[in-house]
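Colleague: sequence-free structure coming up:
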């Protein structure tokens with residue numbers, strides 16, 4: 001499945017308390033479970049919280065599922081970007 005980076009504009013998320021982040025994760029998981037029961041292939045890998053944004057990494061059959069999750073969960077998907085390639089420190093060591 002393709003991987004996506006989802007940029008979410010959420011005011012003050014960077015200063016949210018642990019309980020608020022737990023509640024947000026729980027809501028997202030509820031929606032993902034419902035979508036899975038509907039045979040929709042979407043999975044949340046992890047998110048980074050920074051300032052007034054989150055950057056979430058998802059895998060999904062297509063970006064329409066990302067938008068559906070956004071609408072059902074109430075978390076905006078301000079920008080959805082397909083990941084084309086991944087690099088890491090080991091990339092520098094790899095043979096061409």
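Modeller: In hand now; what should we look at? Since the structure is predicted, the reported quantities are computational estimates derived from the model, not experimental observations.

Colleague: my read: residue 79 touches residue 53, true?
Modeller: No: counting by C-beta atoms under 8 Å, residue 79 does not reach residue 53; the two are 9.6 Å apart. From N, CA and C alone the C-beta is placed, and that goes for glycine too.

Colleague: so who does residue 58 touch?
Modeller: Under the criterion of C-beta atoms under 8 Å, 6 or more residues apart in numbering, the contact list for residue 58 reads 3, 4, 6, 42, 43, 44, 45, 66, 69.

Colleague: Mind telling me what element it is part of?
Modeller: Taking DSSP states H and E as the definition, one finds residue 58 inside strand 53-60.

Colleague: what do you get for residue 72?
Modeller: Assessed by DSSP H and E, residue 72 sits inside helix 63-73.

Colleague: what do you get for residue 24?
Modeller: Using DSSP H and E, the element containing residue 24 is helix 18-37.

Colleague: In that helix, which residues are buried?
Modeller: Neighbour-count burial for helix 18-37 flags 24, 28, 31, 32, 35 (criterion: 16 or more other C-beta atoms under 10 Å).

Colleague: Could you do stretch 66-75 as well?
Modeller: In stretch 66-75, residues buried by neighbour count (16+ other C-beta under 10 Å) are 66, 68, 69, 70, 73, 75.

Colleague: per-residue pLDDT, the third one?
Modeller: Read it as residue 69. The model reports residue 69 with a pLDDT of 98.

Colleague: That one: what's it in contact with?
Modeller: For residue 69, the set of contacting residues under the criterion of C-beta under 8 Å, 6+ apart consists of 28, 31, 32, 35, 42, 58, 75, 77.

Colleague: Take the contacts of residue 58 and write them to CSV, including secondary structure and distance to residue 20.
Modeller: Formatted as CSV, these follow (DSSP: H, G, I helix; E, B strand; the rest coil; distance: C-beta to C-beta, whole Å):
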residue, secondary structure, distance to residue 20
3, strand, 27
4, strand, 24
6, strand, 19
42, strand, 23
43, strand, 23
44, strand, 17
45, strand, 21
66, helix, 22
69, helix, 19
